[in-house]
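Visitor: Pasting the sequence and the predicted model now:
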Amino acid sequence: MSRPTISFEFFPPKNLAGSFRLWDTLNVLAPYAPDFVSVTYGAGGTTRQLTHDAVTTIHKTSGLKVAAHLTCVDATKTETLEIAQTYADAGVTDIVALRGDAPKGQAFAPTPDGFQSSLELIAALRDTGNFTIRVGAYPDPHPEATSYQQNIDFLKAKFDAGADAAITQFFFEADTFFRFRDDCAKAGITQPILPGILPIENWKSARNFATRCGADIPAWMDETYTAAIRDGREDLLSTAIATELCTDLRDGGVDHLHFYTLNKPELTRDICTALGVTPQIELSEVA
Ligand code: FAD
């Protein structure tokens, strides 16, 4: 089987220690030659400048293709498009365009004069002609979707508005992704849908987040993690579970894997190694 293409999500550092951690993460994972890396935008638009600084620094120093996440929260249309323009000016050509959430899990409230939905943001970015636009997709339907089909129809609307590809929220079973992928195809979606893989650093937090996202949590995961945490082998279990998930996805025809690294490279590195994805280049060669 051919080598899958891969990509990595990072979050922007909030302090000096976080900057070192991101740099370490980049040093460990850049040699795996990702197609692109992406940098998140804090809930509620809280990391606007930090995201910008992280994106442009990675772009300049590593030579990797960097996708900047951008949301509609707490900014007017003009302000949001100004941020996008600073990316275009810096040579950053990839954006992950999202509606976003308010901080602390509150419901999204559009800003007066701001983009009212991801569809408006995507269309405006498309009109600039400057960007490859990726968007969020939800194999376990988004909590605000009114039905399973509406969740898919809304993704189709995002492609119709100008998106080039979608990255999914994480999920726990390959069948969840396959069902979604096949139903998207039936709805006329032809663009790539990249599965998002969460290497589970901490089951309790991953479980809480999955519950908030409305993800299906298989019963066996609770039992397996309880025993693994008791025996101090949570990381080994997480590596095994994510490797098996990725293998199942590969067997089902998936050729790109997007990893949510949480700026902790070890699990992602170990999963890549277990999948036979080995380092291709040194960071210094990329720059
Ligand atoms: P949308 O797809 O626009 O909306 C979600 C769902 O709500 C839709 O599927 C649809 O069913 C319903 N809906 C929304 N608007 C309408 C409408 N006008 N009419 C009818 N139905 C509607 N959050 C951050 O804050 N920062 C990040 O950097 C970030 N990165 C992410 C990366 C990925 C790959 C993913 C999958 C999510 C990310 N998120 C991030 C989380 C995201 O902001 C939340 O999931 C948010 O609730 C939805 O954003 P969206 O653009 O995917 O929403």
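Guide: Ah, there it is. Numbers count the residues shown, from 1 in each chain.
Visitor: I figured Thr261 was touching Arg269, is that so?
Guide: No - checked against C-beta atoms under 8 Å, the pair Thr261 and Arg269 is beyond contact range at 9.3 Å. C-beta here means a position set from N, CA and C on the backbone, and glycine is covered the same way.
Visitor: Overlap in contacts, those two.
Guide: Common contact partners of Thr261 and Arg269 (C-beta atoms under 8 Å, 6 or more residues apart in numbering): Leu29.
Visitor: now the strands for this structure?
Guide: 5-10, 36-39, 66-71, 94-98, 132-137, 165-170, 193-197, 256-260 (DSSP state E).
Visitor: Give me the more crowded residue out of Thr261 and Arg269.
Guide: Counted by other C-beta atoms under 10 Å, Thr261 and Arg269 do not tie: Thr261 has more neighbours, with 24 against 21.
Visitor: What residues does that one make contact with?
Guide: 8-10, 25, 29, 199, 268.
Visitor: between those, which is closest to Leu121?
Guide: Proximity of the contacts of Thr261 to Leu121 was ranked by C-beta to C-beta; the top entry is Glu9 with 18.9 Å.
Visitor: ok, which stretches of the chain are helices?
Guide: Using DSSP state H, the helices of the chain run over 16-29, 48-62, 77-90, 118-128, 148-161, 174-186, 203-213, 219-230, 234-251, 265-274, 283-286.
Visitor: Isn't Phe108 up against Ala102?
Guide: Yes - using C-beta under 8 Å, Phe108 is in contact with Ala102, at 6.0 Å.
Visitor: for the stretch 101-250 of the chain, which spans come out with low pLDDT?
Guide: Within the stretch 101-250 of the chain, the ranges that satisfy pLDDT under 70 run 104-105.
Visitor: Enumerate the residues of it near the ligand.
Guide: Remark: the part of the stretch 101-250 of the chain in contact with the ligand comprises 101, 117-118, 136, 138, 142, 144-145, 150-151, 154, 167, 169, 196, using C-beta under 6 Å from any ligand atom.
Visitor: Could you identify the buried members of the residues you listed?
Guide: When these are checked for burial by 16 or more other C-beta atoms under 10 Å, the buried set is 101, 117-118, 136, 138, 142, 145, 151, 154, 167, 169, 196.
Visitor: now for these, which pair is the farthest apart?
Guide: Pairwise distances across these (C-beta to C-beta) peak at 21.2 Å, for the pair Ser117 and Gly196.
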